[in-house]
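Colleague: sequence and predicted structure below; questions after.
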Amino acid sequence: MKHAPREHQRIYLTFYLRVFEDDEFIGFLIDISKDGLMIMSEGPLLTNKFYKLKMKLPSTLEWKDAKDRDRVIEFIAQCRWTRHDEVDKEFYLSGFEFTELHEDDNRIIHMLIEEFRLK
């Protein structure tokens with residue numbers, strides 16, 4: 001299956017953030033763009049499924065409200081593909097496209113991209 005060309009370049013982060021579906025840990029954020037993200041997990045994720053995801057944010061990132069202690073953003077993303085990691089076959093990589101993302105959380109994602117990308 002051939003994928004459409006990427007509209008926004010993916011940014012590889014300098015460290016991995018934890019991603020959850022509901023309260024279940026599903027994997028680590030590997031890279032992110034304005035359109036989606038890639039997660040590394042211990043098992044394959046379901047292609048074409050819409051996931052309600054939460055991502056824990058680093059304490060160094062400027063937060064939307066000083067009273068907020070949970071430091072997570074929530075969004076819905078569709079898993080577009082999943083495959084074995086080429087480097088370590090014990091793990092899987094899955095690509096997600098954002099389908100529902102609140103404006104404040106979108107701003108946080110842009111901050112992540114700018115502040116924590118590999119230079």
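Modeller: Good, I have the coordinates. Numbers count the residues shown, from 1 in each chain.
Colleague: tell me the contacts of the nearest residue to Gly27 once chain neighbours are set aside?
Modeller: Spatial nearest neighbour of Gly27, chain neighbours left out: Ser41 (3.4 Å); criterion: CB to CB, 6 or more residues apart in numbering. C-beta coordinates here come from the backbone N, C-alpha and C atoms, glycine included. Residues counted as contacts of Ser41 (CB atoms under 8 Å, 6 or more residues apart in numbering) are 26-28, 91-92, 94.
Colleague: can you do 7 Å?
Modeller: By CB atoms under 7 Å, 6 or more residues apart in numbering, the contact list for Ser41 reads 26-27, 91-92, 94.
Colleague: how about low-confidence regions in the chain?
Modeller: Scanning the chain for pLDDT under 70 picks out 1-15, 60-70, 116-119.
Colleague: same for the longest strand anywhere in it, what does it pack against?
Modeller: Longest strand in the chain, counting residues (DSSP state E): strand 72-84. Secondary-structure packing of strand 72-84 (3 or more CB pairs under 7 Å, 6 or more residues apart in numbering; DSSP states H and E): strand 50-56, strand 92-100, helix 103-116.
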